[in-house]
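[1] missing the sequence, but the structure's below:
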Ligand SMILES: [Zn+2]
């Protein structure tokens, strides 16, 4: 009798323990489920709250337009039109996931003020080695034998005060009064060739000055042994005068 009672207690105790274990396990499952549900809920909330749309106005610049001009030298450029920036209205969506930035999508872009492109002209013409130092001239005396001697240059008739430019880049090696040549300028070039400009009214360069092709170095005149306003122009290779017209492209 005693023994059967004990057995019955044991059985009840076992059942009770099993019950408690089942309850605890169920509780854990429910708890876990809640967590899972909550996590899923939170996740879906964060996904639905993850994008932000906004619009802003931004300045923009139009690409530079280059125009190639065969009448300009290769090293010449001209800004034909100054550029002006315009403005754009941009609508953007930022995407976040769990509070972390993921990406930005441009939804719409609209021009508010159109930009004005800068237009630049670039020369394509090859620069001649020498240029004629004056404009609007006529040749009044050619290079070569003249009056029983030799004319060492070419005479370019121009009114007194005409701008005289360097025929080529170089360094001034003579400037000022020079006997029969009157006021003259000599320019030495990188290969030792010298150009001479004579019967000037005025020289505006100094000894040792670096000059560029096309740069005004003097004003023409009628000084020295001269029979009328003109520019006497020489090219000397190794000290020897050559016909300048053989070394210029157009005249
Ligand atoms: Zn001459």
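    Right, received. Where do you want to start? None of these values were measured; they are calculated from a predicted model.

[2] stretch 153-172 near the ion anywhere?
    Yes - applying Cβ under 5 Å from the ion, one finds stretch 153-172 touching the ion at 153, 155. Every residue, glycine included, has its C-beta placed from N, CA and C.

[3] in that stretch, what's buried?
    Neighbour counts using 16 or more other Cβ atoms under 10 Å place 153-158, 160, 162, 164-168, 170, 172 of stretch 153-172 among the buried residues.

[4] what of stretch 120-137?
    Counting neighbours by 16+ other Cβ under 10 Å, the buried set in stretch 120-137 is 121, 123, 127, 130-134, 137.

[5] same deal with stretch 68-77?
    69, 72-73.

[6] kindly report the same for stretch 244-251.
    So for stretch 244-251, counting by 16+ other Cβ under 10 Å, buried means 244, 247-248.

[7] may I have the beta-bridge partners of residue 211?
    residue 170 (DSSP bridges).

[8] for it, grab the count of nearby residues.
    19 (other Cβ atoms under 10 Å).

[9] OK, contacts around it?
    Contact analysis of residue 211 by Cβ atoms under 8 Å, 6 or more residues apart in numbering lists 166, 169-172, 187, 205, 217.

[10] which stretches of the stretch 51-200 of the chain form strands?
    51-60, 65-73, 77-81, 86-97, 100-113, 119-125, 138-141, 144-146, 149-151, 154-157, 163-165, 170-177, 183-188, 194-203 (DSSP state E, counting those that start in this stretch).

[11] for the third one, the distance to its chain's centre please.
    It stands for strand 77-81. 12 Å (Cα atoms, centre = their mean, to the nearest Å).

[12] got the residues of this protein near the ion?
    153, 155, 232.

[13] can you name the residue of the stretch 151-251 of the chain nearest the ion?
    residue 232 (3.4 Å; Cβ to the ion).

[14] next one: that residue from residue 152, what distance?
    8 Å (Cβ to Cβ, to the nearest Å).

[15] likewise for residue 185?
    Counting by Cβ to Cβ - residue 185 and residue 152 are separated by 15 Å.

[16] what about the two, which has more around it?
    The neighbour count for residue 185 versus residue 152, taken as other Cβ under 10 Å, is higher for residue 185 (27 against 21).

[17] my read: that one touches residue 202, true?
    No - using Cβ atoms under 8 Å, residue 185 is not in contact with residue 202, being 10.1 Å away.

[18] intersection of neighbour lists for these two?
    residue 218.

[19] hang on, isn't residue 87 packed against residue 112?
    Yes - with contact defined as Cβ under 8 Å, residue 87 reaches residue 112; the gap is 4.4 Å.

[20] so what sits against both of the two?
    With Cβ under 8 Å, 6+ apart as the test, residue 87 and residue 112 both reach residue 57.

[21] who's more crowded, those two?
    residue 87 (15 against 12).

[22] tell me the pLDDT at the more buried one?
    Per-residue pLDDT puts residue 87 at 97.

[23] for residue 7, helix, strand, or coil?
    What DSSP: H, G, I helix; E, B strand; the rest coil gives for residue 7 is helix.

[24] check contacts around it.
    Contacts of residue 7 (Cβ under 8 Å, 6+ apart): none.
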